[in-house]
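S.K.: below is the sequence, then the predicted model.
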Amino acid sequence: MAPKDKKNRLQARLPRGFADREAGDIRATEKMLAAIKRVYERYGFEPVETPFFEYTEALGKFLPDEDRPNEGVFSLQDEDGEWLSLRYDLTAPLARYVAENYERLAKPYRSYRAGWVFRNEKPGPGRFRQFLQFDADTVGAPSVAADAEICMMAADVMEALGIARGDYVIKVNNRKVLDGVMEAIGLGGEENAGRRLTVLRAIDKLDRLGIEGVRELLGEGRKDESGDFTKGAGLGDEQVAAILELLETPNLDRLVAEAAPAGELNETEAKILRDADIPPADDISNEVVFQTAALSQFTINDTFRQGFDELKEIGHLVRQAGYTLDRIQIDPSVVRGLEYYTGPVFEAALTFEVPNEKGEPVVFGSVGGGGRYDGLVGRFRGEDVPATGFSLGVSRLASALKNLGKLGADEETGPVVVTVMDKSRLADYQKITAELRQGLNKDRGPSEPPVPVEMYLGPSGMKAQLKYADRRNAPCAIIVGSDEFEAGKVQVKDLLEGKRKAAAIESHEAYKEERPGQFEIARESLVEEVAALLARQRGEA
RNA sequence: GCGAACGUAGCUCAGUUGGUUAGAGCGUCGGAUUGUGGCUCCGAAGGUCGGUGGUUCGAAUCCACCCGUUCGUACCA
C-alpha cells in the first residue's frame, strides 16, 4: 500500500541533467531523425548500431597513472573488476567497431548511427547528461574529398530539417593550420603541448569573448565578471598578434571564393565577400596569404602550408559541387574539442537568433561538429586508419527549432472516444469501438498515420468523459445511451465544430439544449458516417 | 570546480521593522447541470514557507551549514 504519512512518502524526482520526453517531443524528434537518415542514405551511408557501454579503455578515459576512469563519464565495474563506461560520443565506439571488424568491412566504410550519449558534467539549460547524437563517418578514405563530402552532407541535413539557406552555416577549418601557426611562433614540440591546448581553448572562445577576450587569454590571463581569474597562455605580444591575425584575417575565406570560376559568384556570395572586405578572386595570390606584419615575421612552415592546401582543396570541391559561401565557409576560429582531430574540422552553426524559454534572444551557435581523426581507429591496430565524420546534436537542434516554433507546432489529433453511458453494457461499447477501429483504419496504408479509436476506461460520468475527450484533442465522441440502443441509433459529437459553435452560446440552458456539433445517425452506418466526418475535418484543416 | 543571486500551493507570485490560524490568480477536483466539452456561479482539496541546526518569549522573515535552481567562469575527452 502507498504510505499515508507524507514523511515516509518517496519523493518523485528526475535525476538532474536528465529529461523526460513527452509525446510531442518524441514525435518531433522522430521526424527529425527520419529526415536526417534520408540525407545520409542518399549519400550511400549504411546504418550500424553499437551498445551504450564500452570498456572504459576503448573510450580512452583512464586517468594517467590511475586505475579509475576519468570524470566526465559514467562508469561501473563488472564482476571481473573490468571498468565499463557509458559512451560519451558515437565516434569512439565506431572506431572500436571498425577496428574489431576491420577485415570484414568494405572500405572506405561509410556508416551512420543515431543514439543516446552520456556525459557526467554540470548540466544547464539545453545541456543534458543524456542526449541524442546522429553521426555519419567515412573510415578508410584519406582524401579531403571525404571531408568535403561530409561538409556538403551536413549542409544538406540542415536544409532537410527545414533550416533555410542563410540561417545556418557549415564552418570549416584545419587543425594543421593552427598547428602550423603555433609551430611558427615557437610552440612546437612535446614540451609545449600544454600551452598549445591553452591556445586552442582560447581560440575556441572567440564567439563568446570576442577578440579582446581571446587576446587576454593568449597573454597573461583574464578576469571575468565574477572576479574569477583565468590564467592565460602567457604568449608574447608578437606571438599573440600572429594568432589574432589568423583569427581576424578574411584571407582564408578567399580560398572558397577563389574556387569559384570568375564571375560566377552568386549575389549572396558577393555580399559576403563585400561585407568581409575581400577583394575579387583575380587579386588573390595563393602564396602570400598572410602579408601583414605579424605573421610574416615568422616562417610559414610545411604544416601550415599543408593545412592551407587541404582547406583550399575542400573549398574548391564544395564550390564545384554547387555549395556556395552562404552554406560552407572557411573559419579559422573553429577548433572543435581537443586531442583526437588531426586535420579538417567542421562545425554546423545556426546564424539567426533563437529565443529561449523566456523569449530572450540567444545566439544558439553550434549544433553539430566533426572532423578528421586519423589516429582513433589506429589505437586498436598499430597503424593509422584515416577517418572523418560529422556529429549532429539532435537534442540541441530540436530545442532550437522548438523555441523557434518550427517544430511540433501542429498538434496531433487525438483518438475518437467512445463514451460509456451505461456501464452494464460494456460489451456493446467495446464492440462499437472495435468496429470503428477496424473500419476507420482498413484502407490506410503503412505510411499513413493510423486513426486511433478508444473506449473510455475511467470511472467518471458523461461530463467528465467529454472533458477527457476534449483534453485528448479528440476529433469526435460517440455517445450511445439506452434510448439509442433501443432505437438502433448513435450520437456522434463533432468536438471541433461544437467548440466553434459553443463560443456564440451564452446561457448554459441554450448550450445544453442545442448540443452543438452533435448529430444522430443509424447504428449501421456508424463507420461510414464517422469516416465522413473525419474527412470533412481534415479538409477544413 | 570557483564566484554570485535566488528558493513560499501543481504553475506565477504577494506576505509590513521578527508577532495570532501563511494569502491571491491560474490550474486540479466536485456541485449548480443524476444523458453531454465551453461560459457563469458556488464549494473543496492542495503548504513540515527547500532541508538541518542556531538566535529569540516568538522565525517564511535574522545567522550558519547543506541541498536545489539560475547566471558568470572553468571543464566538455
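M.R.: In hand now; what should we look at? Quick caveat, the model's predicted, so the values are computed rather than measured.

S.K.: list the contacts of the helix or strand hosting residue A:212.
M.R.: Element membership for residue A:212 (DSSP states H and E) is helix A:206-218. Outside helix A:206-218, the residues that touch it by C-beta atoms under 8 Å, 6 or more residues apart in numbering are A:198-199, A:201-203, A:205, A:222, A:230, A:232-233, A:235, A:239-240, A:243-244, A:247-248, A:333, A:363, A:365. Placement of C-beta: from N, CA and C, glycine included.

S.K.: check those residues against RNA strand B, which are close?
M.R.: Filtering these for proximity to RNA strand B (criterion: C-beta under 7 Å from any atom of the strand) leaves A:198, A:201, A:205, A:222, A:230.

S.K.: count the residues that sit near residue A:343.
M.R.: When neighbours are counted by other C-beta atoms under 10 Å, residue A:343 registers 24.

S.K.: same thing with residue A:502?
M.R.: Neighbour count for residue A:502, taken as other C-beta under 10 Å: 12.

S.K.: check contacts around it.
M.R.: Residues in contact with residue A:502 (C-beta under 8 Å, 6+ apart) are A:511, A:516.

S.K.: elements contacting whatever helix or strand residue A:180 lives in?
M.R.: For residue A:180, the host element (DSSP H and E) is helix A:175-184. Other elements packing on helix A:175-184 under the criterion 3 or more C-beta pairs under 8 Å, 6 or more residues apart in numbering; DSSP states H and E are helix A:193-204, helix A:237-248, helix A:302-320.

S.K.: now the element after the longest one, going C-ward?
M.R.: Secondary structure here is assigned by DSSP H and E; on that basis, the next helix or strand after helix A:302-320 toward the C-terminus is strand A:328-330.

S.K.: just give the closest residue to the residue of chain A found nearest RNA strand B, not the sequence neighbours.
M.R.: Proximity to RNA strand B, evaluated over chain A using C-beta to the nearest atom of the strand, is greatest for residue A:498 at 1.6 Å. Distances taken as C-beta to C-beta, 6 or more residues apart in numbering place residue A:517 nearest to residue A:498, at 2.8 Å, with adjacent residues excluded.

S.K.: does that neighbour touch residue A:491 like I think?
M.R.: No. At 10.6 Å, residue A:517 and residue A:491 do not qualify as touching, with contact defined as C-beta atoms under 8 Å.

S.K.: how many neighbours does residue A:108 have?
M.R.: 16.

S.K.: let me know the pLDDT of it.
M.R.: On the pLDDT scale, residue A:108 is placed at 95.

S.K.: could you do residue A:449 as well?
M.R.: pLDDT, residue A:449: 89.

S.K.: now do the one 10 residues further on
M.R.: Listed pLDDT for residue A:459 reads 86.

S.K.: do the same with residue A:15
M.R.: 83.

S.K.: next one: it relative to residue A:130, how far apart?
M.R.: Distance, residue A:15 to residue A:130, by C-beta to C-beta, to the nearest Å: 9 Å.

S.K.: please identify which of the two sits among more neighbours.
M.R.: The residue with more neighbours, out of residue A:15 and residue A:130, is residue A:130; 17 against 9, by other C-beta under 10 Å.

S.K.: was I right about the more buried one contacting residue A:115?
M.R.: No. The criterion here is C-beta under 8 Å, and residue A:130 misses it with residue A:115 at 10.6 Å.

S.K.: let me have the helices and strands packed on helix A:175-184 in CSV, extended by mean pLDDT.
M.R.: Compiled in CSV, the helices and strands packed on helix A:175-184 are given as follows (pLDDT from 0 to 100):
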stretch, mean pLDDT
helix A:193-204, 89
helix A:237-248, 84
helix A:302-320, 85
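
S.K.: turn those helices into CSV, including mean neighbour count.
M.R.: What follows is the helices and strands packed on helix A:175-184, written out as CSV (neighbours: other C-beta atoms under 10 Å):
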stretch, mean neighbour count
helix A:193-204, 18
helix A:237-248, 19
helix A:302-320, 20
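
S.K.: circling back: buried stuff in the helix holding residue A:212?
M.R.: A:206, A:209, A:213-218 (16 or more other C-beta atoms under 10 Å).

S.K.: from those residues, which are also near RNA strand B?
M.R.: Restricting the buried residues of helix A:206-218 to those near RNA strand B - C-beta under 7 Å from any atom of the strand - leaves A:209, A:217.
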